[in-house]
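Engineer: All I have is the shape, not the residue letters:
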């Protein structure tokens, strides 16, 4: 989550223009405030008649159940507890104590309807989560915002029952973090996660290592009541490539795999699809070519069926994807990139450094719909901005520096400032945001306006 120590003062200044503007700004901020942007807007939340965001219209996040209960006890006789929504995280040492999480769910302690929890559950076969029925858990009447699952699903284990139980807890987000495979050929249990997609509350699903087939994603179409908006799962593209080229090491029926692939394409391009955010990422722990960064034309030919499928998704007028992540995909051919350039639904594009140049060179300046470009890097480099010299439609470019090397950041940012001031970059971008994992060095300010480009430093620090 993002926090900005020096929030843009323009919002406050706008609210001071007149009573009418104050009310308009206040209503607008209150309506957009949620758990995701809380750390950006929280400085505007005050217990005052002159606050832009009133307590009763605000949300709040507590880092632990202890902090929440302590705050409520101290302020029980005031109106400082009248929040619109409350999110409570368990502390780290509490989340990994499986018994405490289970006991919390089973307890008869009641919480107001506006209070939601982020919890962690362990699904190892011997963990206590399996010792209780869903009826017992539901009797506790806890509202769950997010469930983080740790552990691995196992062979001959009642995986379907676990998924049904998790789904019936009605979380909005599920993040599955199994143990990292120790070797490529390690046996892994395929789990049909599509069972979770019929959960009436689930909006976001994410896993780092996907223990399932692409057809499971395609089953989203089978659940017309789903509200799933975001899906982030690695896909076994190399395995699909082998099947399409007659080299199936798993000896599955090729027609069945093709049917699963087609259902996947259909699910992401049908008119009534709910998916707004999708991550295009290869399962590198299944791939023997995980270190290959460029493919020759012969190799790209082997991925033609996959590229044709992706092209179909991007080029369909019914494509619902608005945010697309392209991480470690090096096999996109000209047809796939051309269809992406012509796409009219995608407004935000996330890229990794390894695919940045190849994707950017093919998409811009043809695409006029993508307004926001986001890049995660360990080391920022001015070359990433130089590559955008031909773009005319971008509103914002965000560089999220995931390293804590302050020295490299200072060198990069000074270089960026000099290039902008000398107008040597020749870019047409309204806003460049640089996110850092540490407090802003004193030698810089939070905001610059240079040659029609707004340059922001954002401290990406969780309080």
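Structural biologist: Right, received. Where do you want to start? A quick note: this is a predicted structure, and the numbers were derived from the prediction, not measured.
Engineer: what about the stretch 51-200 of the chain, any weak spots by pLDDT?
Structural biologist: By pLDDT under 70, the weakly predicted segments of the stretch 51-200 of the chain are 91-98, 153-160, 179-190.
Engineer: ranges for the helices of it?
Structural biologist: Assigned by DSSP state H, counting those that start in this stretch, the helices in the stretch 51-200 of the chain fall at 65-74, 92-95, 98-106, 134-139, 159-168, 194-197.
Engineer: most tightly surrounded among those helices?
Structural biologist: Highest mean neighbour count among the helices of the stretch 51-200 of the chain (mean count of other Cβ atoms under 10 Å): helix 194-197, with a mean of 22. Just so you know, the C-beta spots here come from the backbone N, C-alpha and C atoms, and that holds for glycine as well.
Engineer: Which among the helices of the stretch 51-200 of the chain is found nearest to residue 441?
Structural biologist: Closest to residue 441 of the helices of the stretch 51-200 of the chain, according to Cβ to Cβ: helix 92-95, at 28.8 Å.
Engineer: related to what we said a few turns ago, tabulate the helices of the stretch 51-200 of the chain (TSV), appending distance to residue 22.
Structural biologist: Shown next, in TSV, are those (distance: least, Cβ to Cβ, whole Å):
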stretch	distance to residue 22
helix 65-74	28
helix 92-95	40
helix 98-106	42
helix 134-139	44
helix 159-168	44
helix 194-197	44
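Engineer: out of those, which comes closest to residue 314?
Structural biologist: helix 194-197 (22.2 Å).
Engineer: List the buried residues for stretch 356-371?
Structural biologist: By neighbour count with 16 or more other Cβ atoms under 10 Å, stretch 356-371 contains the buried residues 356, 358, 359, 360, 362, 363, 364, 367, 370.
Engineer: what bridges to the nearest residue to the last one once chain neighbours are set aside?
Structural biologist: Spelled out, that is residue 370. Spatially, and ignoring its direct neighbours in sequence, residue 370 is nearest to residue 349 (5.2 Å; Cβ to Cβ, 6 or more residues apart in numbering). Applying DSSP bridges to residue 349 gives these bridge partners: residue 324, residue 373.
Engineer: Name all residues that make contact with residue 349.
Structural biologist: Counting by Cβ atoms under 8 Å, 6 or more residues apart in numbering, residue 349 touches 323, 324, 325, 326, 359, 363, 370, 372, 373, 374.
Engineer: Quick one: residues contacting the nearest residue to residue 116 once chain neighbours are set aside.
Structural biologist: Spatial nearest neighbour of residue 116, chain neighbours left out: residue 145 (4.0 Å); criterion: Cβ to Cβ, 6+ apart. When contacts are counted by Cβ under 8 Å, 6+ apart, residue 145 touches 35, 87, 116, 117, 118, 171, 172, 173.
Engineer: could I get those as TSV with distance to residue 199 and neighbour count?
Structural biologist: Shown next, in TSV, are those (distance: Cβ to Cβ, whole Å; neighbours: other Cβ atoms under 10 Å):
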residue	distance to residue 199	neighbour count
35	19	18
87	19	22
116	15	19
117	17	23
118	17	20
171	8	27
172	9	19
173	11	17
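Engineer: Let me know the closest of these to residue 298.
Structural biologist: Nearest to residue 298 among the contacts of residue 145, counting by Cβ to Cβ, is residue 173 at 41.7 Å.
Engineer: Okay, and the beta partners of the closest one?
Structural biologist: In beta-bridge terms (that is, DSSP bridges), residue 173 pairs with residue 146, residue 204.
Engineer: Just to check, it is in contact with residue 204?
Structural biologist: Yes. Here residue 173 lies in contact with residue 204, judged by Cβ atoms under 8 Å, at a distance of 4.2 Å.
Engineer: got the contacts of residue 349 as JSON lines, with pLDDT columns?
Structural biologist: Compiled in JSON lines, the contacts of residue 349 are given as follows (pLDDT from 0 to 100):
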{"residue": "323", "pLDDT": "96"}
{"residue": "324", "pLDDT": "96"}
{"residue": "325", "pLDDT": "94"}
{"residue": "326", "pLDDT": "91"}
{"residue": "359", "pLDDT": "88"}
{"residue": "363", "pLDDT": "90"}
{"residue": "370", "pLDDT": "93"}
{"residue": "372", "pLDDT": "93"}
{"residue": "373", "pLDDT": "94"}
{"residue": "374", "pLDDT": "93"}
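Engineer: need the strands for the stretch 101-250 of the chain, in chain order.
Structural biologist: 115-122, 144-150, 173-177, 204-207, 230-232 (DSSP state E, counting those that start in this stretch).
Engineer: Could you list the paired strands of the first one along with their orientation?
Structural biologist: According to DSSP bridges, strand 115-122 forms sheet pairs with strand 85-89 (parallel), strand 144-150 (parallel).
Engineer: and of the ones you listed, who's closest to residue 280?
Structural biologist: It is, among the strands paired with strand 115-122 and with distance given as Cβ to Cβ, strand 144-150, at 22.9 Å.
Engineer: rewinding a little: nearest to residue 446, of the helices of the stretch 51-200 of the chain?
Structural biologist: Residue 446 lies closest to helix 65-74 among the helices of the stretch 51-200 of the chain, at 28.2 Å (Cβ to Cβ).
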